[in-house]
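Student: Just to be clear, the model below is a prediction. Sequence and coordinates:
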Amino acid sequence: MGTTLPFFTLSLFLFSSYASATQGIVGFGITLYQDLCCQACHDSLSTLYLNCTTFSDDSMSMGMSMDMSMDMMGTTSPECYASNIPWLQTMAYCIQQNCNADGYPAEKQASCFSTQAVAGAATPTFKDSLPATAPTVELGEDEMWLNVTSLVNKNIYYKTHGTLGEFARSEYIHTRYSVILYLVVIGICLVAGIFAQTRSTFIGFQKYLHASTLWAKLQQYIFLPALFGSRRLEPLPAHVGYVPSRALSIFISIYVIMNIILSSVSIRSFQPNTWFLSPQFELCEYVGNRTGTLSLVNLSIAILFAGRNNVLIAITGWSQTAFLTLHRWAARVAAIQAVVHSIVYTLAYFEPGYEGAAAYAKKAAEPFYWWGIIATIALSLATAVALLPLRTKFYEIFLITHIVLVILALIGCWYHLVPHFGYVYGYQVWLYISFAFWAFDRLARVARVAYYNRLGSSTAVVEAIPDCDVMQVTISPRVAWDFGPGQHSFLYLPSLGYKFWESHPFSIAGWKKQGQSSHIASTPASLSDSATNGEKAQDAGVVSSATEIGSQPKSKESGQPAKPPHQSQFQDRSSIQFLIRAHSGMTSNLQRRLHSSPSRSSMEISIYTEGPYAGHRATLQPLLLADTVLCIVGGIGITNALGFVQEYMGRSRQAGENSGKSRGVMANAKRFILAWSAREIHLIEHVKQNFLVHADDAGGVEYSFWCTGHSDTAAQKLDSNNDESQNAQSLTPKTTAAITAGRMNIGTVIRSSLEVGHQTTVLVCGPGNMADEATREVVSCVKEGFKVDLVEEAFAW
């Protein structure tokens, strides 16, 4: 969270300064009809012509007959109002009579008289304008002229007062409910964050929780299980979507139900009404304004939750996958509310008293109206293209289209609101919040790239892992960061001639700080050389496990272990390693470039890193008290798990050297078990030879491997490896662990790691179905009374 928090604070400061400069929102900086009785008096009388009113036709001037029909609108200037005795006395008496009834003190009546009657002028004053004797003649409802001091028409005043009051009440409630929604949604996140931070900071509190029966029940029934069945991270059939976890589903349910309630309640009509010709149109107006305002609020929440630099991730410890799920639900709610907003405003023109299609067509031709239509369509399409089948099959197209549609929706909202309403109601503030969240995330991304690359690219060596579609990428960042397990970084590869703006997240498999020796033992190139000198397996390019673990190829000249190319290059510098599987798009282009390089197995490129992300203590706090850490890994998920392996080994060495209490997220762990299933035998071999070679140096490390590939080559390799593993077990029992053919039995693996009275934390790094199966087994173990916790390091689309 190092660079995120300062940028977040700066963004909030700039936003608050700008929002305060624009006077806020209704009820928070903006007051509608603060002096309602004065406003009602003004609006009840301001349509009347005075003897100083002027008209565009010179022949229709002050001397014209009072009963003449008026086809032309007159203009009454502030000077006319300030000097016209009937206007001043009628307004003053109306304010005195009606504001006394509303409990307004004389000072407030004088102030509002100055504002409403004489446009803020100091003279004439309220006291001077009061008539000496009370007027007795009441104006008629169809009166057009105010020529003598009169009583305001009671019916007109009642309708005007009620219309303004109900509209103001409605606007205040729109804002109040919007703020309530924000407070509840962000409040839930903050409460969860405080709880997570407390657990990770105060170990005694976490021990108390683990000893609590209530906590075990909450884990068993709320925090761990799926909503129903076992699917959480595995897509539903036909890839129609995901079912969120039970805890996340509760949050989403609260959120959706709140929006339904807040969109529906406290809406009422006032009739007779001076603005709306029918109660149906009035209700459409208020429902439209409510749903429109809440849609803007939910749009800003959706943008907040979508950000990579969302500070709530670090506070709560929730994964970005969880916040992306919340992002999609917030966007769906915002889109539905925008559609309802558009529908009710369309239906309003077909209500009694209006001209139907003709009236709607006339209104829809106004720019502010069709910009609103554009915004609604863009937001709806942005939600529709985010359906799981589309975003998984056409991710890059989806991403660009999604961003463009959201930007179009925000632009449409701006031109729908500001040119028409101005800044009177503060609707634009909700857009400022959206702009602030979006700008903060984008600026933070740029700042990370600029800072960690020092305005230039970093150097990377890309190496092919023989006979599989995985590459090892070793980067020497220009600026070292605080390396840790569970981190990932976004990588940009403009040197490929690819889209320079595109980036993808990759888990960090390992790291070396400046001055440290690398934990990487060898590389594909060095292993291949070794095989050429007599230790070659039957399959070309495959490393035989007969090579003694811990030994390295010798250089011909010195007989000393030869350093792989990237180790020599990065020997005295910080470096980070990634294992990247080629799919489509950027990774496919990288693999093609590697295969077309002169060596076809290794190349150097320039690269930009944006990271680190994740690895927060609040996320990993279940590891703090673990006696046993069990890593269940599937496929390329080993990339994430290897960071925890390195952390455990480093912690063990540090504890041995210092002969004291170790520190770190696994400070209490005495046992670390890695159970990994992958379909490529060659990937397993590469990781064993390159990343696990020093595992024997750390006490308590155990691991097992499963190969799910079905090729003849894999079968031969498994037989060869297992024979050689048995022969070498007396020398290196861990690193020569046998590779089992077939699928891992996750339930058996988990239960074999459990010990009565010991805390076990299961760390899952793998595809959705594996994570869901592991979760189901963990919940079952909790029901049986074992102390088991879960950390999921899995990504769902």
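Tutor: That came through fine. For clarity, every value in this text was computed on a predicted model and none was experimentally measured.
Student: Ser677 is in contact with Thr708, isn't it?
Tutor: Yes - Ser677 is within contact range of Thr708, at 6.0 Å (criterion: CB atoms under 8 Å). Any C-beta I mention is one placed from the backbone N, CA and C, and that applies to glycine too.
Student: Quick check: neighbours shared by these two?
Tutor: Shared contacts of Ser677 and Thr708 (CB atoms under 8 Å, 6 or more residues apart in numbering): Arg743.
Student: higher neighbour count, those two?
Tutor: Set Ser677 next to Thr708 and count neighbours by other CB atoms under 10 Å: Ser677 wins out with 25 against 17.
Student: Just say helix, strand or coil for that one.
Tutor: Here Ser677 is strand, with the state taken from DSSP: H, G, I helix; E, B strand; the rest coil.
Student: give me the beta-bridge partners of it?
Tutor: When bridges are called by DSSP bridges, Ser677 pairs up with Gly634, Trp706.
Student: Asn289 versus that one, what's the distance?
Tutor: Using CB to CB, to the nearest Å, we find Ser677 at a distance of 56 Å from Asn289.
Student: list the contacts for Arg332?
Tutor: Counted by CB under 8 Å, 6+ apart, Arg332 has contacts Thr383.
Student: Which helix or strand contains it?
Tutor: Element membership of Arg332 [criterion: DSSP states H and E] is helix 320-348.
Student: What are the buried residues along that helix?
Tutor: If you call a residue buried by 16 or more other CB atoms under 10 Å, then helix 320-348 has these buried ones: 320-342, 344-345, 348.
Student: what's near enough to touch Tyr349?
Tutor: Going by CB under 8 Å, 6+ apart, Tyr349 touches Phe281, Glu355, Gly356, Ala357, Ala359, Tyr360, Lys363.
Student: Format those residues as TSV; extra columns: distance to Asp627.
Tutor: What follows is these, written out as TSV (distance: CB to CB, whole Å):
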residue	distance to Asp627
Phe281	68
Glu355	77
Gly356	74
Ala357	73
Ala359	73
Tyr360	69
Lys363	69
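Student: now, which of these sits nearest Leu390?
Tutor: Checking these against Leu390 by CB to CB gives Tyr360 as the nearest, at 33.0 Å.
Student: Spatially, which two of the contacts of Tyr349 are the most separated?
Tutor: Top of the distance list for the contacts of Tyr349 (CB to CB): Phe281 and Ala357, 15.2 Å.
Student: Give me the below-cutoff pLDDT ranges for this protein.
Tutor: For the chain, applying pLDDT under 70 flags the ranges 1-22, 57-72, 498, 515-572, 654-663, 695-698, 710-737, 795-797.
Student: Please, where are all the helices along the stretch 151-300 of the chain?
Tutor: Applying DSSP state H, counting those that start in this stretch to the stretch 151-300 of the chain gives helices spanning 154-201, 203-210, 213-218, 246-264, 279-306.
Student: Show me what the fourth one packs onto, helices and strands only.
Tutor: When contacts are defined as 3 or more CB pairs under 8 Å, 6 or more residues apart in numbering; DSSP states H and E, helix 246-264 packs onto helix 154-201, helix 279-306, helix 320-348.
Student: make it 6 Å
Tutor: For helix 246-264, the packing partners by 3 or more CB pairs under 6 Å, 6 or more residues apart in numbering; DSSP states H and E come out as helix 279-306.
Student: longest strand of the protein?
Tutor: The residue-count maximum for a strand in the chain (DSSP state E) belongs to strand 602-614.
Student: Need the CA coordinates for it. CSV is fine.
Tutor: Below are the C-alpha coordinates for strand 602-614, written out as CSV (Å, rounded to 0.1, in the frame of the first residue of the first chain):
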residue,chain,number,x,y,z
SER,A,602,16.5,-17.1,-24.5
MET,A,603,16.3,-13.5,-25.3
GLU,A,604,16.6,-10.1,-23.6
ILE,A,605,13.9,-7.5,-23.9
SER,A,606,12.9,-4.2,-22.3
ILE,A,607,9.9,-4.3,-20.0
TYR,A,608,7.9,-2.0,-17.8
THR,A,609,6.6,-3.2,-14.4
GLU,A,610,3.6,-1.8,-12.5
GLY,A,611,3.7,-3.2,-9.1
PRO,A,612,3.8,-4.7,-6.6
TYR,A,613,0.2,-5.4,-5.9
ALA,A,614,-1.4,-7.6,-3.2
